[in-house]
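Enquirer: Quick one, what's the 3D model for this:
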Amino acid sequence: MKKLSFLNKIVFFFNSIAATILLLSYILPFVAPKNFSILSVLSLGVPFLIIINVLFFLYWLLKIKKQFFLSFVVLTIGYLSFGSLYKFSSKKEVSKANSLTVMNYNVRLFNLYNWIEEANTNIKLIDFIKEKAPDVVSFQEYHPNKNIDLSFFKYKFEKLTGNKIKFGQAIFSQYPIINSGSVAFPNTSNNAIFVDIVKQKDTIRIYNVHLQSLKLDTKVETISQEESERLVKRIGKSFIMQQKQTELFLKHKKECKYKVVVTGDFNNTAFSYVYKEIKEGLQDAFKVAGNGFGRTFDFKFFPTRIDFILVDKSFVVEAFKTFDVHYSDHFPVMATLSFLEN
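Expert: As a prediction, the model looks like this:
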């Protein structure tokens, strides 16, 4: 430190803070929100902290200063524990005849209230799905109306709520649905639904999980107007609800005897407690075959991945794609799966 200039000493001071907070965040997936709800809020900022530490690492490396070791060590610990925030390559797509393609999409009521000013967004969204032709698609914030034509799917299951405006979750499938149902989450319109589909001789359960929304305005100028203490407490309460919802879902999933695919909007990141719990025993399709940051939520300042496709280990994840289409505040994701040969 004695050999550093005054400016570099200030830089290293902030570097030390960023590295310490990132290191602290690595324990969050192992800490139940109901025990430390305020601390769990930090999981939302982990992607930002990783990027900041990468910048500090490059800063010191270019200056050929040994201070680069601080962020390098913290980033390495994170990589060994959670994998890379950025995926550099993905697998190639396979013949659809021997595969199952599953899409997940939070469609935000098909732009019912014109959040996106572009005309005919709802029609473009449906045309996009029709073009990509997934075998199964899970919708969160689904709203059926006369302009939404999904009749190119043969089977569907919807779970809706509301009086004047019906909304909820839905799963559409090209394969027969032999069983369906929902997992009720108390005191909220969020829930989990499921269908059992039959492909050839295999029965596969598809879950669609929508955990408690944070109702967080992604515009930083709006966030700054709200008292930070109130904001953190509100998000912390949502995280506690997410934990309880996750426990209800996992209790239901434990009784399932079929191969499982879990899709959904978790309203939390891959560095969270709920993600770790739900992912237990499953593969994250993005981590296996994805590419880039895998951003699924339209937040301007750092990549946020809160929508997931998690699959049974009896599947091979052949391909994974995040589509950069702006028909909602979420981006659709799709995985191509095949079965392990016996």
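Enquirer: This structure: strands as residue ranges?
Expert: 100-106, 136-142, 155-161, 167-173, 177-184, 191-199, 202-210, 259-265, 282-284, 307-312, 315-322, 333-339 (DSSP state E).
Enquirer: domain ranges for this protein?
Expert: As assigned by automatic domain parsing, the chain contains the domains 6-82, 96-339.
Enquirer: Find the one among the ones you listed with the highest mean neighbour count.
Expert: Across the domains of the chain, averaging neighbours per residue (mean count of other CB atoms under 10 Å) puts domain 96-339 on top, at a mean of 18. (C-beta placed from N, C-alpha, C; glycine too.)
Enquirer: ok now it, how far from the chain's centre?
Expert: 8 Å (CA atoms, centre = their mean, to the nearest Å).
Enquirer: related to what we said a few turns ago, in a markdown table: the strands of the chain, plus mean pLDDT and distance to Tyr59.
Expert: Putting the strands of the chain into a markdown table (pLDDT from 0 to 100; distance: least, CB to CB, whole Å) gives the following:
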| stretch | mean pLDDT | distance to Tyr59 |
| --- | --- | --- |
| strand 100-106 | 98 | 37 |
| strand 136-142 | 98 | 40 |
| strand 155-161 | 97 | 50 |
| strand 167-173 | 98 | 45 |
| strand 177-184 | 98 | 47 |
| strand 191-199 | 97 | 44 |
| strand 202-210 | 97 | 40 |
| strand 259-265 | 98 | 36 |
| strand 282-284 | 98 | 31 |
| strand 307-312 | 98 | 33 |
| strand 315-322 | 96 | 29 |
| strand 333-339 | 95 | 33 |
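Enquirer: which intervals of the protein have sub-threshold pLDDT?
Expert: Scanning the chain for pLDDT under 70 picks out 1-2, 89-97, 216-228, 341-342.
Enquirer: Identify the spatial nearest neighbour of Tyr258, chain neighbours not counted.
Expert: Arg205 (4.5 Å; CB to CB, 6 or more residues apart in numbering).
Enquirer: scratch that, Phe48
Expert: Phe302 (4.4 Å).
Enquirer: Test my guess that that neighbour contacts Ile51.
Expert: Yes. With contact defined as CB atoms under 8 Å, Phe302 counts as touching Ile51 (5.9 Å).
Enquirer: Quickly list what's touching both of those two.
Expert: Residues touching both Phe302 and Ile51 (CB atoms under 8 Å, 6 or more residues apart in numbering): there are none.
Enquirer: ranges for the helices of the stretch 201-342 of the chain?
Expert: 220-223, 228-254, 273-279, 285-289 (DSSP state H, counting those that start in this stretch).
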